[in-house]
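# With the sequence up front, the predicted model follows.
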Amino acid sequence: MSLDPWHFPRNILAEQVLGMFESGISSALVFFAPRRMGKTEFLCKDITPLAEKRKWRVFYFSFLDVGKSASTDFTRALINLAKDQGALSKAGGLLKRVSKISGEAGGIKADLELREPEQAQESLKDVISQLSKKQKLLLLMDEVQTLAQDPANANFIASFRTVLDLNKSNVKVIFTGSSQEGLRRMFSQAKAPFFHFGQNLPFPELERDFTDHLSQMFHVATKRQIDKDELWKAFIEMQRVPQLARALVERMALNPNLPIKEAKEQLLSQVFEDSAFINIWEKCSALERIILKELAVGEGGLFSSETIKGLEKKLGVTDLKLSSVQSSVRVLSRKGLIGRTPEQRGYYIDDPNFKNWLLQHK
C-alpha cells in the first residue's frame, strides 16, 4: 500500500497486468501516454508493491536522462540490485569484471564500476540470469523510447532484446513511453529490435473516482469541502492529466480563498511557461520552428509545392529547397518532437503538452 495519501491506487489495472504475466499470456507490455499522466506513479506505487507481495524481484529504471551511457548505467543499477539482494556473489565470472563493488559508509552509497564499458552486454546477460534464477524478475523500463533517439544505443537495444528472449519464462517487462514516434521506432517498425516483442497499449485514463478521491483527501487535509462536480469538470478541461489535477487541489489547499477556475488558470499558465519547452524551442532552427508551428495548427502535409512556398514566405526567402524541409523533418523526428501519422501521409506534434504550448505562445 502506498504511504502517499494523495495517491489514487489503480489496483484493478495492476492485478490485470500481473495476472497476464503470471498466467503466461504475455511476457511484456508497452504502455503509452504523454508525460504527467501517471505512468511512473503506477509503476512505483501500484505495480511494485503488488509484485513484491507476490514474491517478484522488481527493478525500476528510467531511461529519460541516461543518453549514451544507457548500457553501463542500466547494467550498473542491475548489478547493485543483485548485490543488495545477495545474488551478486553467485554470478561467477561477473565479479572478475567489476573493479569496484558498491558499499555504504556513513549513509552514502558508492556505485559499482565495470572494468570495461564494452563488457556491459555480457554482464547484463549474467546478472539478469542470476536475478531470475530462483525468483521471478519484473523489469519496469520507464521512458524507454529515449533509447531510440540516439543511434549509439542500437547495440544495447539489440543485446537487451536477446537477453530478454533467453530469459522470457522468468523475466517479464513493462515498458512505458511518452513518445508515440519513439515507441514506433522501437516496437512497430519491421527492422526494430523489439518488433512485436510486447503488446502496445494506451495507458488508461482516470475516471471520476480519481477526482472524488482528491476531493476526499482535500477535506481530510483542510477540513474544507471542494465541489466534486467542478473538480471533475476542471480535470476534463486539463486533458485528464492526473499530475495537474493533484497540483490544482494542493494549490487550493494552500490558498483557502482560491476558486477552482482561478487555480486552474494559474496552473495552466505555469505549465505553458515550462522552461523545458522554451529550451526545446531555442535549440530549433528557424525552419524547424516554422514546421512545428505548421503542425501545431494541423498542417500535416509538408512537402507539397504549395506548402514550401508558404514556408518560404514565413522564412523570408525565395529559394527553399525540398531537401532542406526533408532534412529538418528528419531532425525533428530524431529529437522525438514529431511523428508520422499511422497512414504515413503526414506528421504530428508528438507531445500534446508541447503542442498546447506552441498554440498558446507561438
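Arrived safely. Numbers count the residues shown, from 1 in each chain.
# rest of the way, CA atoms for contacts and neighbours
OK.
# How many neighbouring residues does the nearest residue in space to Cys44 that is not next to it in sequence have?
In space, and not counting its chain neighbours, Cys44 is closest to Tyr60: 7.7 Å by C-alpha to C-alpha, 6 or more residues apart in numbering. When neighbours are defined as other C-alpha atoms under 10 Å, Tyr60 has 17 of them.
# can you check Leu13 too?
With other C-alpha under 10 Å as criterion, Leu13 counts 15.
# Tell me which helix or strand it sits in.
Under the criterion DSSP states H and E, the helix or strand holding Leu13 is helix 11-23.
# Can you give me every residue that contacts the spatially closest residue to Ala286 that is not a sequence neighbour?
Nearest residue to Ala286 in three dimensions, chain neighbours excluded: Leu315, at 7.4 Å (C-alpha to C-alpha, 6+ apart). Leu315 makes contacts with 286-287, 290, as judged by C-alpha atoms under 8 Å, 6 or more residues apart in numbering.
# Considering those, which possesses the most neighbours?
Counting neighbours by other C-alpha under 10 Å, Leu287 leads the contacts of Leu315 with 18 neighbours.
# Can you list the strands that the helix or strand hosting the residue nearest to Cys44 pairs with?
Using DSSP H and E, Tyr60 sits in strand 57-62. Sheet pairing for strand 57-62, assigned by DSSP bridges, gives strand 137-142 (parallel).
# Can you check what angle separates the partner strand from helix 11-23?
Angle between the axes of strand 137-142 and helix 11-23 is 130 degrees (criterion: axes from the mean of the first three to the mean of the last three C-alpha atoms, to 10 degrees).
# Residues contacting strand 137-142 from elsewhere in the structure, which ones?
Under the criterion C-alpha under 8 Å, 6+ apart, residues 40, 43, 51, 56-64, 131, 170-177 lie in contact with strand 137-142.
# And those residues, which of them are buried?
40, 43, 51, 56-60, 62-63, 131, 170-177 (16 or more other C-alpha atoms under 10 Å).
# quick one: furthest residue from the center of the protein?
Thr318 (40.8 Å; C-alpha atoms, centre = their mean).
# Could you look up the SS state of that one?
Assigned with DSSP: H, G, I helix; E, B strand; the rest coil, Thr318 falls in the coil class.
# and stretch 203-218, how far out from the chain's middle?
Relative to its parent chain, stretch 203-218 has a centroid offset of 22 Å by C-alpha atoms, centre = their mean, to the nearest Å.
# Using JSON lines, lay out the contacts of Leu315 together with pLDDT and secondary structure.
Shown next, in JSON lines, are these (pLDDT from 0 to 100; DSSP: H, G, I helix; E, B strand; the rest coil):
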{"residue": "Ala286", "pLDDT": "95", "secondary structure": "helix"}
{"residue": "Leu287", "pLDDT": "96", "secondary structure": "helix"}
{"residue": "Ile290", "pLDDT": "94", "secondary structure": "helix"}
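# My read is that the residue farthest from the centre of the chain contacts Gly310, right?
No - look at Thr318 against Gly310 with C-alpha atoms under 8 Å: they stay out of range, at 10.2 Å.
# still on that earlier bit, so who does the residue nearest to Cys44 touch?
Each residue near Tyr60 by C-alpha under 8 Å, 6+ apart is listed here: 43-44, 139-142.
# Model confidence at the residue minimising distance to the centre of the chain, what's the number?
Nearest residue to the geometric centre of the chain (C-alpha atoms, centre = their mean): Glu143, 2.8 Å. In this prediction, Glu143 carries a pLDDT score of 91.
# Equivalent analysis for Leu112, please.
At Leu112, the model reports a pLDDT of 41.
# Can you show me the strands along the protein?
Using DSSP state E, the strands of the chain run over residues 28-32, 57-62, 98-100, 104-105, 108-109, 113-114, 137-142, 171-177, 199-202, 338-340, 347-349.
# What's the mean pLDDT across the second one?
The average pLDDT within strand 57-62 is 95.
# Could you export that strand as PDB, CA atoms only?
Listed next in PDB are the C-alpha coordinates belonging to strand 57-62 (Å, rounded to 0.1, in the frame of the first residue of the first chain):
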ATOM      1  CA  ARG A  57      12.000  -9.200  -7.700                       C
ATOM      2  CA  VAL A  58      11.200  -5.800  -9.000                       C
ATOM      3  CA  PHE A  59      13.700  -3.400 -10.800                       C
ATOM      4  CA  TYR A  60      12.700   0.100 -11.900                       C
ATOM      5  CA  PHE A  61      14.800   2.200 -14.300                       C
ATOM      6  CA  SER A  62      14.200   5.400 -16.100                       C
END
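# Make 14 the first number, not 1, from now on.
Got it, the first residue is 14 from now on, which makes the last one we talked about strand 70-75.
# Flag the shaky bits of the stretch 64-213 of the chain, pLDDT-wise.
Applying pLDDT under 70 to the stretch 64-213 of the chain picks out residues 80-81, 100-135, 202-203.
# So for Ala258, what's the nearest residue that isn't a sequence neighbour?
Here the residue nearest Ala258, using C-alpha to C-alpha, 6+ apart, is Phe248, at 5.9 Å.
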